[in-house]
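K.L.:
this one's structure only:
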């Protein structure tokens, strides 16, 4: 029995090992400009202070609550006194170039 255990231990020591380093970061594309990007909703209780853009997708803007949203005249984004940045949702108008 001892020779069998010795042989198994030797095989384990000689077997190639794979390194399990940190996972690769996800490519967020243009999402880098967002400080909050959610698929199920964003909610706050005033007063809040968010510096940067907020966005939801695929859920629509009704899932953004507590920010007292003010729609921009372009219809492409909303603003809020609690957010330094713009707020985006898929039910807003598509930006034009």
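P.N.:
Good, I have the coordinates. Keep in mind that what you see is a predicted model, and the values were worked out from it rather than measured. Numbering: from 1, shown residues only.

K.L.:
correct me, but residue 76 touches residue 94?
P.N.:
Yes. The pair residue 76 / residue 94 is scored as a contact, 7.4 Å apart, by CB atoms under 8 Å. Every residue, glycine included, has its C-beta placed from N, CA and C.

K.L.:
check the gap between residue 91 and residue 66 for me.
P.N.:
Distance of residue 91 to residue 66, given as CB to CB, to the nearest Å: 18 Å.

K.L.:
I meant to write residue 87 there.
P.N.:
12 Å.

K.L.:
ok, those two, which is more surrounded?
P.N.:
Applying other CB atoms under 10 Å to residue 87 and residue 66 shows that residue 87 carries more neighbours, namely 25 against 13.

K.L.:
quick check, that one in a strand?
P.N.:
Yes. When DSSP: H, G, I helix; E, B strand; the rest coil is applied, residue 87 is found to be in a strand.

K.L.:
just to check, it is in contact with residue 50?
P.N.:
No. Contact between residue 87 and residue 50 fails when scored by CB under 8 Å: they sit 9.2 Å apart.

K.L.:
ok, residue 38 touching residue 56?
P.N.:
Yes. Contact criterion CB under 8 Å: residue 38 and residue 56 qualify, at 5.3 Å.

K.L.:
what sits in contact with each of those two?
P.N.:
When contacts are counted by CB atoms under 8 Å, 6 or more residues apart in numbering, residue 38 and residue 56 are jointly contacted by residue 63.

K.L.:
which one of these two has more residues nearby?
P.N.:
Each of residue 38 and residue 56 has its neighbours counted (other CB under 10 Å); residue 56 has more, 22 against 15.

K.L.:
that one and residue 69, how far apart?
P.N.:
11 Å.

K.L.:
likewise for residue 80?
P.N.:
Applying CB to CB to residue 80 and residue 69 gives a distance of 6 Å.

K.L.:
mutual contacts of these two, please.
P.N.:
residue 87.

K.L.:
many thanks, I have nothing further to ask.
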